[in-house]
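Colleague: how does the following fold in three dimensions:
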Amino acid sequence: MPLQIVRNDITTMKVDAIVNAAKESLLGGGGVDGAIHRAAGPELLEECRTLGGCPTGQAKITKGYRLPAHYVIHTVGPIWRGGSHGERELLVFAYRSSLEVALAHQCETVAFPLISSGVYGYPKDQALKVAVDTIGDFLLAHDMTVYLVIFDRAAYTIGGKLFSDIVAYIDDRYVDAHTDSRETQRRRMAMASMPMEESECMPAPCATAPSGLDEALSKLDESFSQMLLRKIDERGMTDAQCYKKANIDRKLFSKIRSDVHYKPSKPTAMAFAVALELPLEEARELLKKEKVRLILLDLNLPDGNGLDFLQEIRAKSAVPVIIITANNMETDIVMGLELGANDYITKPFSLMVLRARAGVQLRQQDMSGQTLYQEGPFSFDFQRLVFQVRGREVEFSKTEQRLLRKLLENKGATLKRTYLIDEVWSGDTEFVDEHALTVAIKRLRDKIEEDSKNPRYIKTVYGIGYTWAAQ
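Modeller: Numbers count the residues shown, from 1 in each chain. Down below sits the predicted model:
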């Protein structure tokens, strides 16, 4: 994810550069400024004395000294004076100048504080929006990973509410100047020559080559990673263009590319399908084979009419459909909704609004199923989020709730570890280690089992996965 919001101490971030919200003198101060100077040591102040200060909205760079970061980029944000004195423009300049300095010094990872939101008094919600908008615009044209580091809980809560799991959406305007490396090309050639076991094969639900679906189906001996790389080549894209457009973490893509036996979660496969522009014919095939929970439909398709496809969907399925289109006439909106769309969003649109509206549709789906489970000493109400174990109320994290519900829905069946990871962490586009499942299972057992070391309900099926044992 090119832009991430994290709750952390910026002085501990292991990145190429951290940004210091400094005073114009650059000689240290309170808050983030003072913390960075203390962590970097006196050498930082000595170098800052040679810089001659820094005007508001501009940025200068020094070494990181004792910090984990290689560099410190010093920028001066505006003091809040009601919002009518050019504060927003100066804050945009502070972020933009810092990013340009980082780019000039070939920094690939940069961590920002929420500039001006401390003693300078800039309202945190407005400061956060300026940060996300400015960094997002910059990342449309540059390959860089940026962290927005928020230390105090109050500010992080605002970030969670307004920009949950923020990523900068790198869309069709993104142009990556880099071609695939020779190492990547060698890796592809090596993968193409590797023999595959039939049980490990899986076709990727990505865009077909001009020769159509039949050719894709004839290549079922390809693994997902082999097929993905082939389709990236067929589309004339670079690896970076594909994983950024799919909004997939770079580390996860690297794992997919290097692991010939990798099997993706359904959301990951669908993300690549969108990035590679899945045509109508393959979308139809995908709908026949896969359980799709939500469809984002553009009306202006290169190989068909979106409204016609919507009618096809509605003739066979009640799956939620959100239309995303540049057609903003009232007649178009009314027609789309009357033909069965659940929502209609016109371009240009905010990714955050899209995520929120998609979340509404998915929550409505979840609420339509069984939400109350009562068995023996347990009463689990997933709609009201009230969970009782032996008469006492317990709290489960969202991950624990999803895991528990999946086990209960498949009571008596053995669920493979890979299946549980795909289903429980299905909204994630970052790599999830199997250890995360082990930890989640342990925490669940600690909360519901009388003896978590000898579980009665959540049983381990060694070498396979877990089951909720029928009583």
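Colleague: hey, which helix or strand in this protein has the poorest pLDDT?
Modeller: When each helix and strand of the chain is scored by mean pLDDT, DSSP states H and E, helix 213-217 comes last, with a mean of 42.
Colleague: buried ones in the helix or strand that comes right after that one, by neighbour count?
Modeller: Going down the chain from helix 213-217, the next helix or strand is helix 224-234, by DSSP states H and E. Residues of helix 224-234 classed as buried by neighbour count (16 or more other CB atoms under 10 Å): F224, S225, Q226, M227, L228, L229, R230, K231, I232. C-beta here means a position set from N, CA and C on the backbone, and glycine is covered the same way.
Colleague: let's have these in TSV, adding pLDDT.
Modeller: Formatted as TSV, the buried residues of helix 224-234 follow (pLDDT from 0 to 100):
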residue	pLDDT
F224	71
S225	78
Q226	79
M227	76
L228	80
L229	84
R230	79
K231	78
I232	84
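Colleague: between those, which is nearest K398?
Modeller: Distance ranking of the buried residues of helix 224-234 against K398, using CB to CB, places F224 first at 27.7 Å.
Colleague: is it true that the closest one touches I256?
Modeller: Yes: counting by CB atoms under 8 Å, I256 is a contact partner of F224 at 7.3 Å.
Colleague: what is the burial count for the residue nearest to L420 when sequence neighbours are not counted?
Modeller: Distances taken as CB to CB, 6 or more residues apart in numbering place L437 nearest to L420, at 5.8 Å, with adjacent residues excluded. L437 sits with 20 neighbouring residues when counted by other CB atoms under 10 Å.
Colleague: with the one 10 residues further on instead?
Modeller: Using other CB under 10 Å, the number of residues around K447 comes to 15.
Colleague: which ones are touching the closest residue to it other than its chain neighbours?
Modeller: Leaving aside its sequence neighbours, K447 sits nearest to V394 (CB to CB, 6+ apart; 5.2 Å). When contacts are counted by CB atoms under 8 Å, 6 or more residues apart in numbering, V394 touches F387, Q388, K447, I448.
Colleague: redo that, cut-off 10 Å
Modeller: V394 is in contact with F378, F380, V386, F387, Q388, E400, D446, K447, I448, counting by CB atoms under 10 Å, 6 or more residues apart in numbering.
Colleague: closest to I248 out of the residues you listed?
Modeller: Closest to I248 out of those is E400 (25.5 Å), distances taken as CB to CB.
Colleague: test my guess that that closest one contacts A436.
Modeller: No: if you go by CB atoms under 10 Å, E400 and A436 don't touch, sitting 11.6 Å apart.
Colleague: shared neighbours of the two, which are they?
Modeller: Common contact partners of E400 and A436 (CB under 10 Å, 6+ apart): V424.
Colleague: those two: who's more crowded?
Modeller: E400 (19 against 14).
Colleague: and that one, what pLDDT?
Modeller: In this model, E400 is scored at 91, pLDDT.
Colleague: now A269
Modeller: pLDDT at A269 comes out at 69.
Colleague: and if you look at the one 3 residues further on?
Modeller: At F272, the predicted lDDT confidence score is 74.
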